[in-house]
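Peer 1: Any chance you can model this:
(one chain, ligands or ions: 1)
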Amino acid sequence: MPDSPVVRLEKDGEIGVIIVNYPPVNALGPGVSEGIIDNLNTTNADPSLKAMVLIGDGRSFIAGADIRGFGTGRKRAPIGQRTYDVLDASPKPVVAAIHGFALGGGLENAMACHYRIAVTSAKVGLPEVLIGILPGGGGTQRLPRLVGAQTALELITTGRHVPAPEAARLGIIDEIAPDGGSLRAAAVAYARSIAATRPLPRVRDKTVSADPAIFGAMRKSIAHKARNQKAPYYCIDAVEAACTRPFDDGIQREAQLFAELETSDEAKALRYAFFAEREVAKLPDLPATTAAHDVANPAVIGAGTMGGGIAMAFADFGYDVKIMDANQEALDRGMQRIRNNYATSVKRGSLAEDEMQRRLARIHPVASYQHISDCDVVVEAVFERMDVKQPIFAKLDAVMPPNAFLFSNTSALDMDELAAVTKRPDRIAGTHFFSPANVMKLLEVVRPSKASPETLMTAMALGRRIGKISAMAGNTDGFVANRSRAPFNSEMVILLEEGCLPEQVDRVMVDFGYPMGPFAVGDLAGLDIGAEGRKRRAATNPNYRKLPIADKLVEMGRYGQKTGAGWYRYETGDRTPHPDPDVAAVIKSLAAEMGVPQKAFTDSEILRRLLFSSVNEACRILEEGKAYRPSDIDVMWLHGFGFPRYRGGLMYWADGIGVRDVYNQIAAWHQQYGDRWAPSGLLRDLAQTKTPLREAKPAPFA
Ligand code: 3HC
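Peer 2: Have a look, this model is predicted:
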């Protein structure tokens with residue numbers, strides 16, 4: 001038998017079972033497609049075999065093409081000789097047996113098979129758009145023929161993973177394998193049952209048509225989200241071709257569009273982001289044998305906005321969680337806020353009523369430390385002041401089991417000072433959630449000096465378990481995400497001193513790809529929050545650059561949306577920001593008072609002033625060993641701050657401009673504006689050696 005190391009053939013009576021074994025997720029890596037084709041040919045030539053099953057070893061069917069191979073100029077089989085074509089043309093029936101994931105090229109191969117059977121827990125989808133390409137293995141032509149154009153458009157432009165039961169309802173899956181049994185046995189039995197059926201059902205032979213208006217409507221509906229990107233539009237073009245052209249023509253069109261996208265800037269950036277998100281989980285300086293504790297019984301201290309959001313994050317992922325606050329009234333208010341948040345999701349249609357009830361039932365308000373003394377993890381999320389948090393940590397240390405982990409949601413305070421009030425500094429770490437905590441994907445795990453490897457692994461794994469992307473940060477003021485973002489936050493207000501308006505800066509950043517401009521975000525979060533941090537920093541750092549305009553607005557009681565006015569003004573009950581002449585007047589008068597010369601700014605100047613300041617700070621963070629990799633900072637910007645994913649992240653984006661240009665500009669602004677723009681030594685070295693920022697080697701983690 002023509003076994004390759006990655007694909008083998010086993011016989012089960014008159015059924016040939018073709019097994020893909022390319023760990024960990026059976027991507028279509030080197031030799032996989034060839035191995036499938038060889039074994040199909042062998043089986044078709046063997047008169048003792050009547051039908052085939054295509055199945056994956058290990059944890060998945062086939063997770064798609066090997067993403068590492070994209071953009072490398074590797075040779076691809078020509079149309080007509082690809083696995084999809086060979087499967088489709090097979091004279092004997094082939095049954096795809098799906099567990100784990102059938103994604104991208106995996107689902108495309110499955111759709112080229114004659115039948116599909118899946119276990120209930122399997123997920124299928126065409127997520128290519130998420131890496132800036134389109135399904136290039138016939139997916140844009142076969143999926144509409146299976147599920148209709150409208151559903152195919154939805155699935156292909158979002159890339160979402162479809163659970164097997166839904167896929168069966170939609171017609172992607174023919175049969176769900178019985179729970180608890182062997183998928184292989186079920187697939188072989190299925191193959192036996194259809195072995196003699198002729199003609200073979202081929203998806204390509206189905207016809208699909210659609211109201212031409214749906215394509216324009218789809219383009220319109222994605223316009224805001226898909227701005228600056230090509231792939232979502234090309235996906236629509238390809239599905240339109242499926243509805244207007246014969247199958248083979250549609251395949252040609254798909255190939256043409258795919259080739260254009262493969263080497264596009266957005267595809268490169270999105271591939272980078274995909275791998276950066278996986279790298280960030282790796283903690284290279286911890287012993288490889290370190291295991292995470294499997295958290296079973298979490299508690300949250302503090303039922304404010306953050307504490308409530310954290311409790312929801314636990315409940316959303318199946319945890320029973322206790323939530324505690326100092327007094328009953330605060331606890332009741334917190335629970336009411338949680339109920340309101342869930343109710344809003346139900347109203348919006350993103351959460352089913354019964355699921356809301358299940359989640360709410362998992363959140364247990366408790367009034368005293370005694371009630372949480374059996375928990376194995378506590379996340380503290382109380383008021384952001386050391387003198388409030390320290391006594392709580394001392395108390396927790398006294399009441400919690402000695403092996404419980406104590407985590408703090410502080411966004412800036414020194415984690416070593418918190419750990420110092422306990423007798424278990426090795427079991428303490430920061431778990432910094434981003435607001436709203438049940439929505440934002442980033443979890444910054446902050447590493448105090450005495451935290452044990454098990455503690456760090458546990459915090460990282462816990463984050464992933466509740467749907468977060470966990471990223472390790474050093475214990476430095478603001479940690480990594482907020483510290484790298486802080487200069488951006490200052491610079492945006494300093495731009496106002498020099499002649500910009502909030503709405504101008506916001507427009508530039510939205511055009512760049514942020515979902516909201518930074519001033520509008522400030523109004524949403526509350527301007528009083530930033531003011532606290534500024535006061536603290538001004539008190540401890542004599543060189544701290546004050547921001548009189550921001551301070552003035554807070555002084556005027558303009559805290560943002562919650563007071564109906566901040567950087568913008570708001571109509572009652574409406575969150576739309578309206579430019580406010582009163583703000584423009586404050587800016588003008590303070591700028592005049594400070595004697596700052598006024599000028600007009602281009603969009604590019606605004607963008608660079610904000611982002612270069614952060615690139616410089618990110619380099620300082622790396623040279624101090626407070627982050628493992630430049631790409632970790634990119635992941636934090638993508639998932640903590642809404643940086644546009646198709647631009648890769650802060651450092652990746654800056655590499656697109658060129659490290660020398662970035663350095664030269666920063667050096668020029670250093671001359672013009674003084675110390676706050678002093679270039680980091682690491683940035684200077686990178687510029688001198690023309691080393692991309694994303695290849696910077698940080699100091700060992702400190
Ligand atoms: N190519 C290359 N490597 C891949 C891969 C792929 N398609 N899918 C996963 N991997 C790698 C990951 O990089 C990771 O490697 P590492 O251990 O060295 O970091 C490893 O496999 C495990 O992946 P995850 O950590 O992501 O494992 P999870 O269990 O959390 O998730 C998954 C599994 C849902 C399959 C997720 O890996 C995933 O979404 N993969 C990408 C799926 C995809 O986009 N498929 C379409 C590819 S494009 C295509 O098919 C084009 C076609 O139309 C022609």
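Peer 1: counting contacts, what elements does the helix or strand bottoming out on mean pLDDT in the chain pack onto?
Peer 2: Across the helices and strands of the chain, mean pLDDT, DSSP states H and E gives its lowest value to helix 527-540, namely a mean of 84. For helix 527-540, the packing partners by 3 or more CB pairs under 8 Å, 6 or more residues apart in numbering; DSSP states H and E come out as helix 548-555. Backbone N, C-alpha and C define where each C-beta goes, glycine included.
Peer 1: Off-centre distance for the helix it packs on?
Peer 2: Its chain's C-alpha centre lies 34 Å from the corresponding centre of helix 548-555 when counted by CA atoms, centre = their mean, to the nearest Å.
Peer 1: Mind listing residues that contact it?
Peer 2: If you take CB atoms under 8 Å, 6 or more residues apart in numbering as the criterion, helix 548-555 is touched by 493, 496-497, 527-528, 530-531, 534, 566-567, 583, 586-587, 590-591, 594.
Peer 1: Run through the residues that contact residue 613.
Peer 2: Contacts of residue 613 (CB under 8 Å, 6+ apart): 487, 488, 490, 491, 676, 677.
Peer 1: quick revisit: closest one of the contacts of helix 548-555 to the ligand?
Peer 2: residue 530 (35.2 Å; CB to the nearest ligand atom).
Peer 1: Count the neighbours of the closest one for me.
Peer 2: A count of neighbours around residue 530, defined by other CB atoms under 10 Å, yields 19.
Peer 1: For the closest residue to residue 356 other than its chain neighbours, give me its contacts.
Peer 2: Using CB to CB, 6 or more residues apart in numbering and skipping the chain neighbours, the partner closest in space to residue 356 is residue 342 (4.5 Å). With contact taken as CB under 8 Å, 6+ apart, residue 342 is in contact with 312, 351, 356, 359, 360.
Peer 1: pLDDT, neighbour count and secondary structure added to these, as TSV?
Peer 2: Formatted as TSV, these follow (pLDDT from 0 to 100; neighbours: other CB atoms under 10 Å; DSSP: H, G, I helix; E, B strand; the rest coil):
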residue	pLDDT	neighbour count	secondary structure
312	98	27	helix
351	96	17	coil
356	98	16	helix
359	98	21	helix
360	98	15	helix
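Peer 1: And the residues you listed, which is closest to residue 111?
Peer 2: Nearest to residue 111, judged by CB to CB, of the contacts of residue 342 is residue 351 at 30.9 Å.
Peer 1: List, one by one, the residues from this protein near the ligand.
Peer 2: 24-25, 27, 63-68, 101, 103-105, 108, 127-128, 131, 135-137, 139, 275, 278 (CB under 6 Å from any ligand atom).
Peer 1: Of the contacts of residue 613, which is the nearest to the ligand?
Peer 2: For the contacts of residue 613, with the ligand as the reference and CB to the nearest ligand atom as the criterion, the closest is residue 488, at 29.6 Å.
Peer 1: Residue 560 reaches residue 530, doesn't it?
Peer 2: No - with contact defined as CB atoms under 8 Å, residue 560 does not count as touching residue 530 (9.9 Å).
Peer 1: list residues touching both of these two?
Peer 2: Common neighbours of residue 560 and residue 530 (CB under 8 Å, 6+ apart) are residue 522.
Peer 1: Understood, closing this out.
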